[in-house]
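S.K.: everything below, folded, please.
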Amino acid sequence: MPVAENRFLEIEPPADPAAAGMSALRKIFEEAASLSDWAPKAPAEQAAKAQITAEVAQLMGQLESAVLDVLLEDSSEALIRLKRRRQVSELQRAFGDPSDPDMTVRDFVEKCQQFEDELCKKYGVKSEKSA
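M.R.: Presented below is the predicted three-dimensional model:
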């Protein structure tokens, strides 16, 4: 029975794409490292070694670029989140916490007016009420 024979085969779970890529990359670099000890005598082999060495150097450059891209993207996303948190906290300080039950509409409008006056002074713009 062919089905019964195959039931004891080891079935590996699907590999993580990143892990599979890293293992393939590791294998390429291990093979490239072993090439450094290889001293070919034939001109065709010397040309092949030179080409492989150039490809490894190009691969290293691409790998460095990819790592830097990921780091910069993660850093920029973290900075954007930090900036948004600061903006929210500044708005909460300027206008008060909208979930505060003691804050009335009149208080909110007064805080808005104070904030507008501060901005007008800061940027040298005359507000409509002073004009």
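S.K.: in this structure, which helix or strand is least confident?
M.R.: helix 2-6 (a mean of 48; mean pLDDT, DSSP states H and E).
S.K.: the helix or strand following that one - contacts with which helices or strands?
M.R.: Moving toward the C-terminus from helix 2-6, the next helix or strand (DSSP states H and E) is helix 17-35. In terms of contacts (3 or more Cβ pairs under 8 Å, 6 or more residues apart in numbering; DSSP states H and E), helix 17-35 is packed against helix 43-95. Any C-beta I mention is one placed from the backbone N, CA and C, and that applies to glycine too.
S.K.: how about low-confidence regions in this protein?
M.R.: Across the chain, the ranges flagged by pLDDT under 70 are 1-15, 18, 96-103, 127-131.
S.K.: break it down into its domains, please.
M.R.: Per the record, the chain has its domains at 16-95, 97-126, by automatic domain parsing.
S.K.: adding mean neighbour count, write these out as a markdown table.
M.R.: What follows is the domains of the chain, written out as a markdown table (neighbours: other Cβ atoms under 10 Å):
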| stretch | mean neighbour count |
| --- | --- |
| domain 16-95 | 11 |
| domain 97-126 | 11 |
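S.K.: contacting residues for I52?
M.R.: A32, L35 (Cβ atoms under 8 Å, 6 or more residues apart in numbering).
S.K.: please apply the same query to R85.
M.R.: So R85 contacts nothing (Cβ under 8 Å, 6+ apart).
S.K.: offset the numbering so it begins at 651, please.
M.R.: With the count now opening at 651, the last piece we talked about shows up as R735.
S.K.: what about it, distance to L741?
M.R.: 11 Å (Cβ to Cβ, to the nearest Å).
S.K.: same question, E723
M.R.: According to Cβ to Cβ, E723 and L741 sit 27 Å apart.
S.K.: repeat that for I702.
M.R.: For I702, the distance to L741 - Cβ to Cβ - is 58 Å.
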